[in-house]
Structures are given as structure tokens and as C-alpha cells.
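Visitor: Here's a sequence, model it:
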Amino acid sequence: MELDLATLVILALVGLVAGTVDSIAGGGGLITVPALLATGLPPATALGTNKLQSCFGSFAATRYFLKRGLIDLKQMRLAILCTFIGSALGTILVQKIDPGILSKLLPFLLAGFAIYFLFSPRIRDEDSQRRLSDAAFGLLFGTSIGFYDGFFGPGTGSFFAIAFVSLAGFGMAKATANTKLLNFTSNIASLLFFTMGGHVAWGIGLTMAIGQFIGGRIGSGLVVSKGVKLIRPLLVSVCIIMCIRLLWQDHPEWFYWITS
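Guide: Residues are numbered from 1 along each chain as shown. As a prediction, the model looks like this:
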């Protein structure tokens, strides 16, 4: 589909904002997916196009974190492989069945994550004692969260972040850096299979990718310079916003009393 220049500029700016937020706390899809749907794209194509533009933001953030020494590729190689496989399987499945059932459970998980990020003493800049080996982490969480990202997606960054902090013992900046690495991995795998299914609008996705790349670089720089002082409140805010949005989507009647 063809869009006018003004709409394309707006989409690039949406990508910029989403890329910045996503590289810090995740949740960029909350901004980009509604924008893509508003252009008139079918849901499957909106999801596929979202993966395309997200690849650029997560790549920019991952590249920056690698240069700053916050990612050890050797340590993460099994998690990368498992995340890729899980995301590919999830993307194949989502093109065949409705993932709506997950939206009913996710708000309550996100609310729990917000409470954890707000009050847990493990949320700090320094690493703490790890509770799972690299192999166990990759097999359990790389595969399962990668599958979730390919199948559904919202909150993936929060899932990875809480796993890195609570079970891998990573400090917040390191957890955020490695979250973006696995986000990039799952985005690439998902994009590959959405492309094979013909569900990517390349012109729109590449336009947004310009903003995503810049935003990913801006956000990753803020993570390194500000650390937990910036990441904690943004993670909590993103979890709460996603929780409210999903509850509104599935149970709008719960919110009628606010406007009545």
C-alpha cells in the first residue's frame, strides 16, 4: 500500500519514540503496532512489519551495548540459539491460530512484574548471585520467551529483564543490554517467517526503521549513563501501561465507571 509523505514522516517519528523507549524498558510495540494498524494494514501484516522496523532499533541498541562491554556473546550463544528457534516456532504458529487467549492472562503478569521491579532489592546496577547456569537459562527462558515473542509479543522485554535480574543475577544495565540482544534475535527469526508468509509491508517498515535505529541508539546511551535510576521507573511505567491497555481491550466495561 502507498502512503503520503506526511504519514510516512509521522511513522518515522513514531519509530524514533518507540525505539528510544524500547531500548530502555521494552514496550515499543505499544506505540508502533497501533500506528501500523491505523494505516489500514491487516493485523498479520502489521505484526510482520512491526518486526521489520523493530529489528533496526534492537540492532542499534545491541551494537551500542556490545561496544560498551555489557554483552558477552560467548556466554549468551545458547540463549541466542534457543531464542531464535522459539521465536520461529511462535511465528509459524501465530499465522495459524488466534493468540487472543494470552491477552487474558498477560495483564496480571505485567502487574506482578511492576510490583517486582518497584520493590525488589535485586533491582540495582551491580550484578548479584545467579541462580541458573547459562545453559539452563538459555534452554528454559530463551526458548519460552522467544516463542512468546514470535507468537504474541507484548511484554517480551519485561519477561527477559525479570529473568535476567532474578535468575541470572544481572544488574539492570546488563540485564537491559542482554534483553535487547535476545529481542534482536527473536525479531530476526520472526521477521524471516513473517516474510515467508507474505506479511511484511517493506516500504512502511523501512521508513519506521530509520526512526527506530536512531531511537535505539539514543535509548541505549541513556541506559549506560543513567542506569537503574532511569530503567526502574520506565520498566514499572511500561508494565502498568501495558496492563491497563490489555485490560481495556478485553474488558472495557471495567473502566466505564471512570467516565460515567
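Visitor: any idea which element F113 lies in?
Guide: Using DSSP states H and E, F113 maps to helix 102-119.
Visitor: What is the subsequent helix or strand relative to that helix?
Guide: Later in the chain than helix 102-119, the nearest helix or strand by DSSP H and E is helix 134-137.
Visitor: for the next helix or strand after that following helix, what is the average pLDDT?
Guide: Next along the chain after helix 134-137, taking DSSP H and E as the criterion, comes helix 143-151. Across helix 143-151, pLDDT averages out at 92.
Visitor: Contacts for helix 143-151, please.
Guide: By C-beta atoms under 8 Å, 6 or more residues apart in numbering, the residues outside helix 143-151 that reach it are 82-94, 99, 102, 156, 159-160, 163, 182-183, 185-187, 189-190, 193. Backbone N, C-alpha and C define where each C-beta goes, glycine included.
Visitor: Give me the subset of the residues you listed lying in helices.
Guide: Counting by DSSP state H, the contacts of helix 143-151 place 82-94, 102, 156, 159-160, 163, 182-183, 185-187, 189-190, 193 in helices.
Visitor: Would you mind putting the CA coordinates of stretch 60-70 into CSV?
Guide: Only the C-alpha atoms of stretch 60-70 are listed here, as CSV (Å, rounded to 0.1, in the frame of the first residue of the first chain):
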residue,chain,number,x,y,z
ALA,A,60,21.2,-0.3,17.2
ALA,A,61,20.9,-0.8,20.9
THR,A,62,22.6,-4.2,20.9
ARG,A,63,25.5,-2.8,18.8
TYR,A,64,26.0,0.0,21.4
PHE,A,65,25.8,-2.3,24.4
LEU,A,66,28.4,-4.7,22.7
LYS,A,67,30.8,-1.7,22.3
ARG,A,68,30.4,-0.9,26.0
GLY,A,69,31.2,-4.4,27.1
LEU,A,70,27.7,-5.1,28.6
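Visitor: gap between that stretch and the chain center?
Guide: Distance of stretch 60-70 from its chain centroid, counting by C-alpha atoms, centre = their mean, to the nearest Å, is 17 Å.
Visitor: Residues touching that stretch, excluding its own?
Guide: Residues from elsewhere that reach stretch 60-70 (C-beta under 8 Å, 6+ apart): 19, 22-23, 71, 73, 173-174, 176-178, 180-181, 184, 212-217, 219-221, 223-224.
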